[in-house]
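*Asks:* Requesting a structural model of the entry that follows:
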Amino acid sequence: MEITYDYYRIFYYAAKYKSFSKAAEILMSNQPNITHFMNNLENQLGCRLFIRSNRGVTLTREGEKLYKHVTIAYQHFQLAELELANDKSLQSGIITVGVSEIALLEKEPAYLPEGYDFAPVRKLRTKEVHPKYRIFTGITGFQLSNWYKNNRFCGRCGSKTVHSTTERALKCPSCGHVIYPRIVPAVIVGVCNGDEILVTKYRTGFAHYALVAGFTEIGETLEETVQREVMEETGLHVKNIRYYKSQPWGIVDDILAGFYCDVDGDTEIQMDESELKLAEWKKREDIVLQPDDFSLTNEMMLMFKKGKQ
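*Replies:* Okay, the predicted model is just below:
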């Protein structure tokens with residue numbers, strides 16, 4: 001795994017506020033996503049950075065050392081981004097939906113066309129933005145904006161990248177390295193038990209009912225991800241795994257793959273309290289849907305509620 005700027009940016013906020021949930025709030029993500037990134041960072045560095053508890057996280061001695069250096073580097077990045085934004089804003093012609101804290105330092109950016117403004121990406125999950133294609137257009141724009149911003153320099157040799165003239169890619173003119181938009185596979189899982197489905201609620205962040213979900217690890221099939229995530233979050237075994245459909249989710253660079261499956265054997269839930277505050281079986285008629293209608297999770301709960309799964 002290549003340790004990118006994103007990993008250190010997430011580490012910076014998690015360490016600064018001693019909370020994965022607070023970091024998720026600031027970065028407009030969710031706690032499982034932050035946990036996933038920090039677990040990968042620890043594995044790649046070969047040391048433990050955080051001591052986790054129900055009250056939050058504290059830094060280990062190794063974490064303190066890393067935070068000291070990352071803080072200095074991050075402050076330099078902030079200053080550099082702001083200087084570049086000021087120098088090139090009138091020439092770039094790029095409009096982003098949802099921006100970093102650096103862009104928000106300017107309350108009235110001079111380079112925005114009349115009638116446009118910056119807004120938190122989470123505002124896209126409101127009834128103000130319709131029809132549905134406009135929501136995903138904005139989210140995709142946010143994803144591309146972050147990708148361009150995070151890959152301005154080659155991760156192989158450090159040279160400045162340039163835009164490809166033939167495809168959506170960034171190229172390094174020095175070593176020839178080609179960088180494509182990052183797409184992270186993840187699964188949404190509807191675990192069924194007759195006329196009941198397993199619903200969850202995240203410990204922090206998104207307050208409504210959801211389904212078991214998680215990222216695919218290196219070397220895994222999507223079906224293996226389904227089995228592992230259900231086991232990790234609820235302690236259940238599953239069988240009869242069947243694909244439903246997919247959905248892009250550019251807020252965290254995901255491509256979500258929806259699956260239904262059946263519980264295999266014991267139905268007693270052993271909930272992972274570090275990620276979830278609720279995990280329970282719900283009958284079809286008792287399912288409470290999310291307030292919006294564009295997420296794959298909500299659609300899968302609706303299909304089960306209607307008896308179509």
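*Asks:* List the contacts of the spatially most central residue of the chain.
*Replies:* Nearest to the mean C-alpha position of the chain, by CA atoms, centre = their mean, lies Val252 at 2.9 Å. Contact analysis of Val252 by CB atoms under 8 Å, 6 or more residues apart in numbering lists 29-30, 33, 184. Yep, even glycine has a C-beta here, placed from its N, CA and C like the rest.
*Asks:* ok, now Lys201?
*Replies:* Contacts for Lys201 (CB under 8 Å, 6+ apart) come out as 207-210, 276-279.
*Asks:* Show the buried residues in these.
*Replies:* Neighbour counting with 16 or more other CB atoms under 10 Å marks 208-210, 276, 279 as buried within these.
*Asks:* returning to that earlier point: okay, and which of the contacts of Lys201 map to strands?
*Replies:* In strands, defined here by DSSP state E, the members of those are 276-279.
*Asks:* May I ask which two of those are separated the most?
*Replies:* Greatest spatial distance among the ones in strands among the contacts of Lys201 (CB to CB): Lys277 and Ala279, at 8.7 Å.
*Asks:* Around the closest residue to Ile287 other than its chain neighbours, how many other residues sit close by?
*Replies:* Nearest residue to Ile287 in three dimensions, chain neighbours excluded: Lys305, at 4.6 Å (CB to CB, 6 or more residues apart in numbering). Residues contacting Lys305 under the criterion other CB atoms under 10 Å number 18.
*Asks:* if we can go back for a sec, now render the ones in strands among the contacts of Lys201 as CSV, adding pLDDT and distance to Ala24.
*Replies:* Below are the ones in strands among the contacts of Lys201 laid out as CSV (pLDDT from 0 to 100; distance: CB to CB, whole Å):
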residue, pLDDT, distance to Ala24
Leu276, 93, 14
Lys277, 94, 14
Leu278, 95, 18
Ala279, 96, 19
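*Asks:* Tabulate these (JSON lines), appending distance to Gln227.
*Replies:* Below are the ones in strands among the contacts of Lys201 laid out as JSON lines (distance: CB to CB, whole Å):
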{"residue": "Leu276", "distance to Gln227": "18"}
{"residue": "Lys277", "distance to Gln227": "23"}
{"residue": "Leu278", "distance to Gln227": "22"}
{"residue": "Ala279", "distance to Gln227": "16"}
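*Asks:* Just name the closest of those residues to Gly235, please.
*Replies:* Nearest to Gly235, judged by CB to CB, of these is Ala279 at 9.2 Å.
*Asks:* wait, what's in contact with that closest one?
*Replies:* If you count contacts by CB under 8 Å, 6+ apart, then Ala279 has 198-201, 233-234, 269, 271 around it.
*Asks:* buried subset of the residues you listed?
*Replies:* The neighbour-count test (16+ other CB under 10 Å) marks 198-201, 233-234, 269 as buried among these.
*Asks:* Let me know the closest of the residues you listed to Leu59.
*Replies:* Among these, and counting by CB to CB, the member closest to Leu59 is Glu233, at 25.9 Å.
*Asks:* List the buried residues for the helix or strand the closest one falls within?
*Replies:* If you go by DSSP states H and E, Glu233 is part of helix 222-234. Residues 223, 225-227, 229-230, 233-234 are the ones in helix 222-234 that count as buried (16+ other CB under 10 Å).
*Asks:* Just the pLDDT at the residue nearest to Ile287, thanks.
*Replies:* If you check Lys305, the pLDDT there is 95.
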